[in-house]
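1. Quick one: sequence and predicted model below, then my questions.
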Amino acid sequence: MSFAAQLGKAVETPRDLLLGRYPDFVTGGPLPRGQVPVFVFHSLEPALFEAQLRHLKDNGYVTLGADEYFRVLVGAVTPPEKAVVLTFDDGRASLWSVGAPLLKYFGMRGIVFLVPGRTRPGDKGATLQDVRDGRTTAAELLARERGPDGFLTWEEIDVLARDGVYDFESHSMFHARVATAPEVVGFLAPHQQHGYAAMDVPWIAGPETDRLAHEAALGSPILRSRPRLADARRFREEPGYGDACRELVAGEGGASFFDRRGWLGRLRAVLGDGPVPGRLETDAEREAAITHELADSRRMIEERTGRRVVHLCYPWHASSPAAIVAARSAGYRTAFCGKVPGVPITLPGGDPLSIARVGEDWLFCLPGKGRRTASAVLATKWKRALLGA
């Protein structure tokens, strides 16, 4: 996550605490039997994730899989005492290198929301065991997520699916953003082609097919955007728009172009001040695209893992009435969000297509030995934001 995003979340959190938007256990209250908090993780750091799992283990908490949690949610079964759900968004590489070894060690499991359209074939990567055996370093292990191989490979997913340490569910086909206005907000630079930054780049129109950030040419104009599953229609720029910018970058060294002072001004000058040519998609086109994101994602994960996929997580926690309809039509039984207005924690009988989750930081606030206060967790979040970690 970028420094700006982390800082924004750190500022937002005190407000939400004051407004009671977190479960009671976060501010020192109990965790009543029957309440099952759902935590959301992204990238995993070895020492922190081990400490989180140890807090759960030492205090008698147990983790539920996706189908187990669904049965609790609809009231089919009573959850075991001290049950929690660990969810992992995006399918990042550290789920293989860090998450799986530690979950196995502590006898726990998690739910991974995959983005199959960004998942590639590839060899199995190094793990914590390779660090312990001296074959790699922790820094090299974690550096993978910053490069072109920042997500789990299909080969790693195959192994993990057989091991049963994770349930693999859907995070939509491409975790896509789409341009929503004819307004240029930047130009595609090298650091935006890989890792989490690539997910913030909307589809870029090509002559035959649209392109994700890692497929598009450097220098491509980036338009103002929103998540594909949100309630805005896509503005589709004409495929050749920005060719002069792409040609300038390619002709002056490609990636090295962005090392020179004044590159942004040069691209803006080449692009000019004219209107962005294009059109807004129709409602029917929008609904078809959302259906593709949800139905094709489910199908592809099922084909690869050989297991049924009926659980969804909305990218950026953003949905819309059209996305909810498409999710039901595609056969999803649940949809996981972030904060849900008026629902600090989703209880049995709650809306299965709007499940509230809290950030991983608050796991340390669960009752038990070594419990941390909300202020202590908040201080850690602020420190991490200020350091840009």
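-> Happy to help now that I have it.

2. Beyond the lengthiest strand in the chain, next helix or strand please.
-> Looking across the chain with DSSP state E, the single longest strand is strand 177-187. Using DSSP states H and E, the next helix or strand after strand 177-187 towards the C-terminus is helix 195-199.

3. which residues sit against that following helix?
-> For helix 195-199, contacts defined as C-beta atoms under 8 Å, 6 or more residues apart in numbering pick out 1-2, 42-43, 90, 118, 145-147, 150, 175, 177, 191-192, 212-214, 315. Heads up, the C-betas are built off the backbone N, CA and C, glycines and all.

4. Counting by contacts, list what whichever helix or strand comes after it packs against.
-> Later in the chain than helix 195-199, the nearest helix or strand by DSSP H and E is strand 221-227. Applying 3 or more C-beta pairs under 8 Å, 6 or more residues apart in numbering; DSSP states H and E, we find strand 221-227 packed against strand 177-187, strand 235-237.

5. can you list those strands in a markdown table and add mean pLDDT and distance to Gly110?
-> Formatted as a markdown table, these follow (pLDDT from 0 to 100; distance: least, C-beta to C-beta, whole Å):
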| stretch | mean pLDDT | distance to Gly110 |
| --- | --- | --- |
| strand 177-187 | 97 | 26 |
| strand 235-237 | 97 | 37 |
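
6. quick one, strands of the chain?
-> Under DSSP E, the chain gives strands at 38-41, 62-63, 83-90, 110-114, 166-170, 177-187, 221-227, 235-237, 278-280, 311-313, 334-336, 358-359.

7. so how far is the first one off the chain centroid?
-> Just to be clear, that refers to strand 38-41. 11 Å (C-alpha atoms, centre = their mean, to the nearest Å).

8. Tell me which strands that strand pairs with, and in which orientation.
-> strand 83-90 (parallel), strand 358-359 (parallel) (DSSP bridges).

9. How about residues contacting that strand?
-> With C-beta under 8 Å, 6+ apart as the test, strand 38-41 has contacts from 49, 69, 84-89, 99, 110, 336, 338, 345-346, 355-360, 362-363.

10. Buried only: go through the contacts of helix 195-199 for me.
-> Buried subset of the contacts of helix 195-199 (neighbour count, 16 or more other C-beta atoms under 10 Å): Met1, Ser43, Asp90, Arg118, Glu145, Gly150, His175, Arg177, Gln192, Leu212, Ala213, Pro315.

11. hang on, the earlier thing: winner for burial among the strands paired with strand 38-41?
-> Highest mean neighbour count among these (mean count of other C-beta atoms under 10 Å): strand 83-90, with a mean of 23.

12. Report the mean per-residue pLDDT for it.
-> The pLDDT scores in strand 83-90 average 98.

13. any idea which helix or strand comes after it?
-> helix 94.

14. contacts for that following helix?
-> So helix 94 is contacted by Ser43, Leu44, Glu45, Leu141, Leu142, Arg144, Glu145 (C-beta under 8 Å, 6+ apart).

15. go again using 6 Å as the cut-off
-> Contact with helix 94 is made by Ser43, Leu44, as judged by C-beta atoms under 6 Å, 6 or more residues apart in numbering.

16. can you check stretch 240-250 too?
-> With contact meaning C-beta under 6 Å, 6+ apart, stretch 240-250 is reached by Ala217, Leu218, Gly219, Ser220, Pro221, Phe257, Leu267, Val270, Leu271, Pro277.

17. which two in those residues are spaced the farthest apart?
-> Pairwise distances across the contacts of stretch 240-250 (C-beta to C-beta) peak at 24.6 Å, for the pair Phe257 and Pro277.

18. More neighbours: which of the two?
-> Phe257 (19 against 11; other C-beta atoms under 10 Å).

19. show me what contacts the more buried one?
-> The contact partners of Phe257, by C-beta under 6 Å, 6+ apart, come to Val249, Trp263.

20. okay, how far is it across stretch 27-40, tip to tip?
-> Stretch 27-40 has an end-to-end distance of 18 Å (criterion: C-alpha to C-alpha, to the nearest Å).

21. Could you tell me which residues within that stretch count as buried?
-> The neighbour-count check on stretch 27-40 (16+ other C-beta under 10 Å) flags Leu31, Gln35, Val36, Pro37, Val38, Phe39, Val40 as buried.

22. now stretch 119-126
-> Buried-residue list, stretch 119-126, by 16+ other C-beta under 10 Å: Thr119, Gly125, Ala126.

23. just the CA coordinates of stretch 56-72, formatted as CSV?
-> The C-alpha trace of stretch 56-72 is given here as CSV (Å, rounded to 0.1, in the frame of the first residue of the first chain):
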residue,chain,number,x,y,z
LEU,A,56,-4.6,-16.8,18.3
LYS,A,57,-3.1,-20.1,19.2
ASP,A,58,-2.0,-19.1,22.7
ASN,A,59,-5.5,-17.9,23.5
GLY,A,60,-7.5,-20.9,22.1
TYR,A,61,-8.8,-19.3,18.9
VAL,A,62,-9.7,-21.5,15.9
THR,A,63,-10.0,-20.6,12.2
LEU,A,64,-12.9,-21.4,10.0
GLY,A,65,-12.9,-22.2,6.3
ALA,A,66,-15.2,-20.5,3.8
ASP,A,67,-17.9,-23.1,3.8
GLU,A,68,-17.8,-23.5,7.5
TYR,A,69,-18.3,-19.8,8.0
PHE,A,70,-21.1,-19.8,5.5
ARG,A,71,-23.0,-22.4,7.5
VAL,A,72,-22.5,-20.3,10.6
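
24. Many thanks, have a good one.
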